[in-house]
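Participant: Need coordinates for the following:
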Amino acid sequence: MSTARAPHENGAGGHRGDEDPGEEEEEEEEGVGDEGEAVEEEPRLKYQRLGGSVPAILSTDAAAAIAVADRMVALGTHNGTLHILDFQGNQVKEIVAHTATINDISFDADGEYIGSCSDDGTIVISSLFTDEKLKFEYHRPMKAIALDPGYYQNYKRFATGGLAGQVLILTKKSWGGGYHKKVLRDGEGPIHSMKWRTDLLAWANDVGVKVHDMKTDKGIAFIERPKGIPRPEFLLPQLVWQDDNVLVIGWGTSVKIAEIRTDSSQGLNGIQRSITASSAKYVDIVGSFQTGYHISGIAPFGDLLVVLAYIPEEEDKENSFSNSVPSRQGTAQRPEIHLVSWKNDELTTDALPIHGYEHYKANDYALAHAPFSGNSNAGGQWAAGDEPLYYIVSPKDIMLKIIFLGFFNMVGMKRRWLQLKQDKDELSFLMRKYAEAARLCPKLLRGSPSAWERWVFHFAHLRQLAVLVPYIPTENPQLSDTAYEVALVALTTNPSFHELLLTTVKKWSPTLYSASPVISAIEPQLNSSSMTDPLKEALAELYVINSQYDKALSLYAELLKPEVFEFIEKHNLHNAVHDKVVNLMTLDIKRTVNLLIQHRDTIPPNEVVGQLLHTSKSCDKKHLLHLYLHALFETDMNAGKDFHDMQVELYAEYEPRMLIPFLRTSQHYRLDKAYEIFAQKEFVREQVFVLGRMGNAKEALSTIINKLEDIQEAVEFVMEQHDDELWEELIRQCLQKPEMVGMLLEHTVGNLDPLYIVSLVPDGLEIPRLRDRLVKIVTDYRTETSLRHGCNDILKADCVNLLVKYYHEARRGVYMVSMDEEVTGTRVDEGSSRVNERSSSLRALEIKSRTRCGARCCLCFDPLSIQDISVIVFYCCHAYHTSCLEGGLDLMKSNSSTHNSDEGSDNDDGTPSGESRMRCVLCTTAAA
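Facilitator: Below is the predicted model of the structure:
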């Protein structure tokens, strides 16, 4: 039923649908005649009207929207009814969903739920296999709907939009029922089209097309609306996902193919694009062209596009880029189907015999295609045995278009291959056209593993496999491991291929091949001139794949890769660092030193020092050694004690300020050698310290006075030595310099008697500023004396106060409870605040160990442990029965009543006489 409207390029016909591309190439290799002898046939396209229940449905209603799932077709009408049909057009279910025109229909990925939107402002989502039905009302015409592909698993989530200009995301609440509504976009004009694929949602509004990542909830790209196209009410934008990453946009007379990418990939015309590895997605326009007709529908067909074209009227063509598309009723032309490439190369064109086409406008048509079988990355292709089906919808007619796969397998690409093979000798052709031949292989060989492997070995035989490697597929199809190994080995043979080898090893999954053959091909080159840095890095990557981490570490360290430290920690390779210290320090001295210090038990200091001392690499090994030993000393001062002599020299050269702290702390360096180094470098203070350590204090003191001329430091040095003879030596040497005498007088206050120093000064010796210094000495002496007296007074007062407090505490008793009182909880003296409870079982033991009377009462001399009699023990270690003590105190009160005539007067311990108190009878009597 194909019409005679065919372009001059129709593609080669007559190919068998199940023929392998590689087999055709082999046949052509055996002999290819003149290209003019090849007879090109018209592509075999077939059209038929959808029957079954469709004619009856459209006799009383008009088609408005269509969607195709794996097992059914959904047809929406202007009356608002949703008809579920099988692929023969028989109705299997009818859903009365709306009261006005259905604008859009969407299935979920499993084909179990269907959603529709209408001009009546409602959204209806129905289960195809149960009676479940949801309805949402928005009171504004809704133009687009897209169910989440995982609708049921993702809380029945869907997206919708309409004339209100809002992109709404609705998700069922996990508890409490109802739906959560989120406004994804607003204020950019009505939403005209919407498609959802995996985690990517694309929609078109008045400003253009936007792509949103629903997983990260971030916008990916905005594709501006083409300029000069009719308004959406006359010509709707068409969106279709070719696969998970390719979005095809047809709007007005413009077609754009947008690819969503996350890493380096190939753009148009074989141009390689390189970006930094990141999880962020972005959109790359990989194809774009203008048409001479209006686009009413668009769908993928392999690497081609099927376009439903609406041909504007002649007078409309002159104004085809105006904002309106006026159409006179009854004068429209037939719609057409165009099969075009991404570069707008037309392969075939057919006019469609649609009933009533004269009265239809561009928006009256729709194009839908059957889902591709296989995985979600089918790339717009059907599997072997499938029939590519396209549904062309008009208000009163639905046509089914079938494209035979025999034409699809080689259409367009076969012609380009034949054009390249004008030379009858294929071998000479390949020798001149390797790169072009390799570039064409993905389009010619497609998903045939056998064809790919045959050509991999063919290029390898010609020693030109390097040009093919970037195009070898790693999935869909996946080749045998031998093919990948041959490709990698071929890249090891020439230094110019080593960069490509490294890139390929990083790009290809380790599961595709065995690393051992490639390693065996590289290892003989390790010590040869052909060994390059990219080849070393590639070998290191292969070692990692082969779990030979120690060998990989050697290469990473040699290449000075910054990530080598993370590699060591990840694979616990500290034992393998022994012979790589210099390389690691050259790469990052700070991280290397930290690594060596943390694992000094595994990598002992003598190994590190030995490598640094005997390295042949051009580096400042002494400085590296200093940094390592310094860090080691600060962490563990005894870990590197064998190298402290060396460390003295290193500190003297690189960090002299650290010498004194080091000399004070360490005991493991030779004093004579250290003194020799300091004398050579004229480090005076260090010489003084070493001389003091050697016991030559007088020479050290002389050095301070004669070279440093610092009396304060000399005084401090003498004080540290605790040698009285040094004071005499200090005075003797200072007397030789009048200025020194004055300074000595200032700094010896509190250590030496200034009068003694003055008495030793020779008569007639002029001492600068002597009067001022003597005044200062006297003033300081008076101040010091005053401070001493004040401190003594404070100390005496504190002693008296503490003694009085101790005396008062010692006079108070300790109340010990008897067994009966312990049970009843009573107390002998409720007014006493110094009572302690003790267990009766421990009472005898405590009293024997503390009392002076041998566990007997000091008044009646009976044992203290008499049953049911309480005991009181004083801090003076005298113990009494409570009854004996009370009697003794009463007697003392009667005897002393004549001495306390004033009522309420205070006792010696500050307690009012009216209060009940207990005190030791013996001690009180003795004090009286």
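
Participant: isn't T349 right up against P335?
Facilitator: No. T349 is beyond contact range of P335, at 11.3 Å (criterion: CB atoms under 8 Å). Every C-beta, even on glycine, is put in place using the N, C-alpha and C of the backbone.

Participant: who's more crowded, the two?
Facilitator: Neighbours per residue, other CB atoms under 10 Å: of T349 and P335, the larger number sits with P335, 27 against 19.

Participant: need the next SSE after the helix or strand of the chain with the lowest mean pLDDT, C-terminal direction.
Facilitator: Sorted by mean pLDDT, DSSP states H and E, the helices and strands of the chain end with strand 272-273, the least confident at a mean of 36. Downstream of strand 272-273, the next assigned helix or strand under DSSP states H and E is strand 282-290.

Participant: who are the neighbours of that next one, in terms of helices and strands?
Facilitator: With contacts defined as 3 or more CB pairs under 8 Å, 6 or more residues apart in numbering; DSSP states H and E, the packing partners of strand 282-290 are strand 218-224, strand 254-261.

Participant: so how many other residues sit close to G292?
Facilitator: G292: 12 surrounding residues under other CB under 10 Å.

Participant: 506 is where my numbering starts, stick with that
Facilitator: Yep, numbering from 506; the last one is G797 now.

Participant: Where does it sit: helix, strand or coil?
Facilitator: Going by DSSP: H, G, I helix; E, B strand; the rest coil, the secondary structure assigned to G797 is coil.

Participant: so it touches T758, yeah?
Facilitator: Yes. At 7.2 Å, G797 counts as touching T758 under the criterion of CB under 8 Å.

Participant: show me where the stretch 1056-1205 of the chain has helices.
Facilitator: Secondary structure of the stretch 1056-1205 of the chain by DSSP state H, counting those that start in this stretch: the helices cover 1069-1076, 1086-1092, 1094-1103, 1110-1119, 1126-1140, 1149-1159, 1164-1170, 1176-1186, 1189-1199, 1202-1208.

Participant: could the ones you listed be laid out in a markdown table, adding mean neighbour count, mean pLDDT and distance to P805?
Facilitator: Listed next are these as a markdown table, based on neighbours: other CB atoms under 10 Å; pLDDT from 0 to 100; distance: least, CB to CB, whole Å:
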| stretch | mean neighbour count | mean pLDDT | distance to P805 |
| --- | --- | --- | --- |
| helix 1069-1076 | 16 | 88 | 43 |
| helix 1086-1092 | 21 | 85 | 50 |
| helix 1094-1103 | 18 | 88 | 52 |
| helix 1110-1119 | 16 | 87 | 63 |
| helix 1126-1140 | 19 | 88 | 62 |
| helix 1149-1159 | 19 | 89 | 69 |
| helix 1164-1170 | 16 | 87 | 76 |
| helix 1176-1186 | 16 | 87 | 81 |
| helix 1189-1199 | 20 | 81 | 83 |
| helix 1202-1208 | 19 | 75 | 93 |
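
Participant: Rebuild the ones you listed as CSV, extending it with distance to Q1030.
Facilitator: Shown next, in CSV, are those (distance: least, CB to CB, whole Å):
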stretch, distance to Q1030
helix 1069-1076, 22
helix 1086-1092, 20
helix 1094-1103, 29
helix 1110-1119, 27
helix 1126-1140, 30
helix 1149-1159, 41
helix 1164-1170, 49
helix 1176-1186, 49
helix 1189-1199, 55
helix 1202-1208, 64
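
Participant: that older thread, among the helices and strands packed on strand 787-795, which is nearest A940?
Facilitator: Nearest to A940, of all the helices and strands packed on strand 787-795, is strand 759-766, at 23.2 Å by CB to CB.

Participant: residue ranges with poor pLDDT in the stretch 1156-1305 of the chain?
Facilitator: 1214-1217, 1227-1230, 1233, 1235-1236, 1240-1275 (pLDDT under 70).

Participant: Low-confidence stretches in the stretch 906-1055 of the chain?
Facilitator: For the stretch 906-1055 of the chain (pLDDT under 70), the answer is 906-937.

Participant: Mind splitting the chain into its structural domains?
Facilitator: The chain breaks down into these domains under the TED database: 570-696, 739-768+785-818+836-924, 1316-1321+1361-1394+1425-1432.

Participant: Adding distance to N1080, write the ones you listed out as a markdown table.
Facilitator: Listed next are the domains of the chain as a markdown table, based on distance: least, CB to CB, whole Å:
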| stretch | distance to N1080 |
| --- | --- |
| domain 570-696 | 49 |
| domain 739-768+785-818+836-924 | 36 |
| domain 1316-1321+1361-1394+1425-1432 | 67 |
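
Participant: which stretch among those comes nearest V716?
Facilitator: Nearest of the domains of the chain (CB to CB): domain 739-768+785-818+836-924, 6.1 Å.

Participant: Dump the C-alpha coordinates for stretch 1013-1027 into CSV.
Facilitator: What follows is stretch 1013-1027, C-alpha atoms only, in CSV (Å, rounded to 0.1, in the frame of the first residue of the first chain):
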residue,chain,number,x,y,z
TRP,A,1013,37.0,-1.5,30.4
SER,A,1014,35.5,-3.6,33.2
PRO,A,1015,38.0,-6.1,34.6
THR,A,1016,35.4,-8.8,34.1
LEU,A,1017,35.8,-8.6,30.3
TYR,A,1018,39.3,-10.1,30.1
SER,A,1019,42.1,-11.8,32.0
ALA,A,1020,44.9,-9.4,33.0
SER,A,1021,47.6,-12.1,33.0
PRO,A,1022,48.2,-12.3,29.2
VAL,A,1023,48.5,-8.5,29.0
ILE,A,1024,50.9,-8.4,32.0
SER,A,1025,53.0,-11.1,30.4
ALA,A,1026,53.3,-8.9,27.3
ILE,A,1027,54.4,-5.8,29.2
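
Participant: Find the one among the helices and strands packed on strand 787-795 with the highest mean neighbour count.
Facilitator: strand 759-766 (a mean of 20; mean count of other CB atoms under 10 Å).

Participant: now the angle from that strand to strand 723-729?
Facilitator: Angle of strand 759-766 versus strand 723-729, following axes from the mean of the first three to the mean of the last three CA atoms, to 10 degrees, is 160 degrees.

Participant: Which residues outside whichever strand or helix holds H685 are in contact with it?
Facilitator: H685 is located in strand 684-690, with elements delineated by DSSP H and E. The contact list for strand 684-690 (CB atoms under 8 Å, 6 or more residues apart in numbering) reads 641, 664, 671-678, 706, 708, 710, 715, 717.

Participant: If we use 7 Å, what do you get?
Facilitator: When contacts are defined by CB atoms under 7 Å, 6 or more residues apart in numbering, strand 684-690 is touched by residues 671-678, 715, 717.
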